[in-house]
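J.: I'll drop the sequence and a predicted model, then ask my questions.
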Amino acid sequence: MRPVTSLLLLPILASLQQLATAADATAGDAGCPQATCGNLTLAYPFWLAGQGQDVSSCGPPAFRLTCNGSASAGAFLSSSYMRVLGIDYGNRSLVAVHALLAADAACVSS
């Protein structure tokens, strides 16, 4: 694995650790309805910025997502270039890709 790729995986691994911790927490999410962004359904511990949701009751700041309103562009982890492709709440996992790597994938020939 290239060193740059390894460095890009660190934020994802850190987020997964927080996801497991947050999923075990008993924080209330009754005041935070599910939200959607593209094909993603967002529930605790994730929350959507700009939806009137309060960080203290809707999830940790690290799980704030921003949505640009386009189904093709999807949701991004707060203040990052990490695009969330999918969330599996049952398995406590998410799939994310760095936006710059996703753009480079279109240039790679098979």
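T.: Looks like it came in fine. Numbers count the residues shown, from 1 in each chain.
J.: lowest-pLDDT helix or strand in this structure?
T.: Using mean pLDDT, DSSP states H and E, helix 3-24 stands out as the lowest-scoring helix or strand of the chain, at a mean of 56.
J.: residues of the following helix or strand past that one that come out buried?
T.: Using DSSP states H and E, the helix or strand that directly follows helix 3-24 along the chain is strand 35-37. Taking 16 or more other CB atoms under 10 Å as the basis for neighbour counts, the residues of strand 35-37 that come out buried are 35, 37. Bear in mind the C-beta positions are built from the backbone N, C-alpha and C, glycine included.
J.: note down every partner strand of strand 35-37 and its orientation.
T.: strand 40-42 (antiparallel) (DSSP bridges).
J.: report the rounded mean pLDDT for the strand it pairs with.
T.: For strand 40-42, mean pLDDT rounds to 89.
J.: given the very next helix or strand once past that strand, what are its sheet partners and their directions?
T.: Sequence order places strand 47-48 as the next helix or strand after strand 40-42, per DSSP H and E. Using DSSP bridges, the strands paired with strand 47-48 are strand 64-67 (parallel).
J.: which residues does the partner strand contact?
T.: Strand 64-67 is contacted by residues 37-38, 42, 46-50, 55, 74-78, 84 when judged by CB atoms under 8 Å, 6 or more residues apart in numbering.
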